[in-house]
Structure formats: C-alpha cells, structure tokens
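Student: Below is the structure, and that's it, no one-letter string:
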C-alpha cells in the first residue's frame with residue numbers, strides 16, 4: 001500500500017487545498033473554529049491534500065476524513081465523484097465521515113460530538129485520547 005501514514009497530495013491537490021483554505025463556506029468556518037482547538041486532544045487539519053483530493057477536515061491519528069456536504073453533493077455527477085473518492089480513501093485506510101452542511105448550522109455541538117466520537121473510536125489503543133488509553137503527558141507523575 002503506502003509507506004506514509006497518509007498518501008501525499010498531488011501538486012494539483014496541494015494548490016487546490018491552499019486556495020480552498022481562503023474560501024471557506026459558513027458551515028466550514030463554524031466547524032473549523034471548534035476543531036482547530038483540538039477537542040478531546042484530537043488534532044484536525046483543514047483542507048488536507050491527499051492523493052488527487054482535498055479533504056475538508058482530516059484527523060491523521062484516527063485516519064478520518066470529515067466532509068461537509070452542501071446541497072450540491074446530491075446533484076449531477078457529485079454523488080458518483082464522492083463515491084469514487086470515498087472508495088479510494090477506504091483503500092488507503094481512511095474512513096469518510098459525511099456531515100450535511102445544514103446540520104452544522106442547525107446544531108454545531110451535536111456535529112462536533114459525533115465527529116469526536118467517531119475519531120476516538122478509530123484511534124490506536126496507545127493514543128492518549130483513546131478510550132482506556134494512557135493518561136495525557138501533562139497528567140503523568142501527578143499521583
């Protein structure tokens with residue numbers, strides 16, 4: 001498969017990701033304001049280039065792609081393109097978690113809880129944020 005934990009982004013995907021970081025939709029802005037603060041100790045990246053794709057959000061430790069889907073994802077060639085992207089990511093060991101943009105606007109806290117729960121369920125057992133994992137480094141030796 002791939003030697004890296006995540007397949008590298010093509011030059012086109014890197015350019016696309018950089019441009020998209022400057023042109024976020026309102027649901028992406030709201031979600032990024034929360035995810036950038038590392039909820040539950042999880043690190044997320046915004047517009048992460050992977051292969052020929054740019055992922056809306058990505059948690060590398062959990063190998064989880066989070067996609068915020070607006071209305072356009074249900075029309076035309078988008079569903080087929082999304083399915084192709086999801087299957088390619090699955091081959092790379094990355095799971096796609098899709099969130100409707102309207103849900104981000106309706107109940108941001110619920111969306112974040114769902115993302116964090118999905119990410120935590122996919123963490124390796126030795127990760128500090130994993131359920132039953134070791135204590136965070138700042139808590140070691142306090143007892």
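Tutor: Arrived safely, thanks for sending. It should be emphasised that the depicted structure is a prediction, and the values quoted were computed from it without experimental measurement.
Student: Can you list the strands that the helix or strand hosting residue 99 pairs with?
Tutor: Using DSSP states H and E, residue 99 sits in strand 95-100. Take DSSP bridges as the rule and strand 95-100 pairs in its sheet with strand 64-69 (parallel).
Student: can you give me the offset of the helix or strand that the strand it pairs with is followed by from its chain's centre?
Tutor: As assigned by DSSP H and E, the chain's next helix or strand after strand 64-69 is helix 78-91. In this view, helix 78-91 has its centroid 15 Å away from the chain centroid, taken as Cα atoms, centre = their mean, to the nearest Å.
Student: And for stretch 26-44?
Tutor: 10 Å.
Student: List of residues touching it?
Tutor: Stretch 26-44 is contacted from outside by 24, 46, 56-62, 66, 68, 70, 99, 101-102, 104-105, 108, 111-112, 115-116, 119-120, 128-129, 136, using Cβ atoms under 8 Å, 6 or more residues apart in numbering. In short, each C-beta sits where N, CA and C put it, glycine included.
Student: Can you tell me which residue is spatially central in the chain?
Tutor: residue 58 (2.8 Å; Cα atoms, centre = their mean).
Student: Touching the host helix or strand of it from outside, list them.
Tutor: Taking DSSP H and E as the criterion, residue 58 maps to strand 53-59. If you take Cβ under 8 Å, 6+ apart as the criterion, strand 53-59 is touched by 6, 9, 13, 16-17, 20, 28, 31-32, 35, 42-50, 64-68, 85, 88-89, 94, 115, 119.
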